[in-house]
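Asks: generate coordinates for the sequence data below:
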Amino acid sequence: MKALLSAFGAGALFSAGLSVAGMTRPSKVLAFLDLAGAWDPSLMLVMCGAIGVHGLYWLFDGKRDRALLGGAVERPSKTGVDKRLLLGAALFGVGWGLGGYCPGPAVASLGAGSRDAVVFVLAMLAGLWVCDRVVPAPER
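Replies: Numbers count the residues shown, from 1 in each chain. Next up is the predicted model:
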């Protein structure tokens, strides 16, 4: 139960941070991707902040085998760049550019009742479902 509450708290904090930073607005994301027009670097600042927080975690606590709440810490066995990773990143980028959402802000936008976010999340879930049934699971 503690792990579930912890995950909910982390998700709520992440959602609040995305909302405060304006990252739940697709126009903000699309302005960041518009390098030739009215480029808005604020998304890059949010990303740098997230990388900084993760870097501090990794520096001070990232080598633990057990989580603070006692569960095992799982790390990927594959760390290289392969065709599967590049294809996934490209699909993510295309979806992000077309929809103006990535998964976190889309889920956060559901709370505001955004019809566009509902469509995006439903399409994302359908894509995950299809991928789970069509693409072979990676080796672990």
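Asks: next up, the contacts around residue 117.
Replies: Shown in contact with residue 117 (CB atoms under 8 Å, 6 or more residues apart in numbering): 24, 101, 106-107, 109-110. Backbone N, C-alpha and C define where each C-beta goes, glycine included.
Asks: mind running it again at 10 Å?
Replies: 24, 26, 99-101, 105-111 (CB atoms under 10 Å, 6 or more residues apart in numbering).
Asks: helix or strand: which one has it?
Replies: helix 115-134 (DSSP states H and E).
Asks: out of the contacts of residue 117, list just those in strands.
Replies: In strands, judged by DSSP state E, none of the contacts of residue 117 are found.
Asks: any idea how far residue 25 is from residue 39?
Replies: For residue 39, the distance to residue 25 equals 16 Å [CB to CB, to the nearest Å].
Asks: so how many other residues sit close to the residue nearest to residue 34 when sequence neighbours are not counted?
Replies: Once flanking residues are discounted, residue 34 sits nearest to residue 40: 7.8 Å by CB to CB, 6 or more residues apart in numbering. Neighbourhood size, residue 40 [other CB atoms under 10 Å]: 17.
Asks: do residue 16 as well
Replies: Neighbours of residue 16 (other CB under 10 Å): 11.
Asks: for it, what are phi and psi?
Replies: Note on residue 16: backbone dihedrals following degrees, to the nearest 10 are phi -60, psi -40.
Asks: re earlier: from residue 125, how far out is the residue nearest to residue 34?
Replies: 29 Å.
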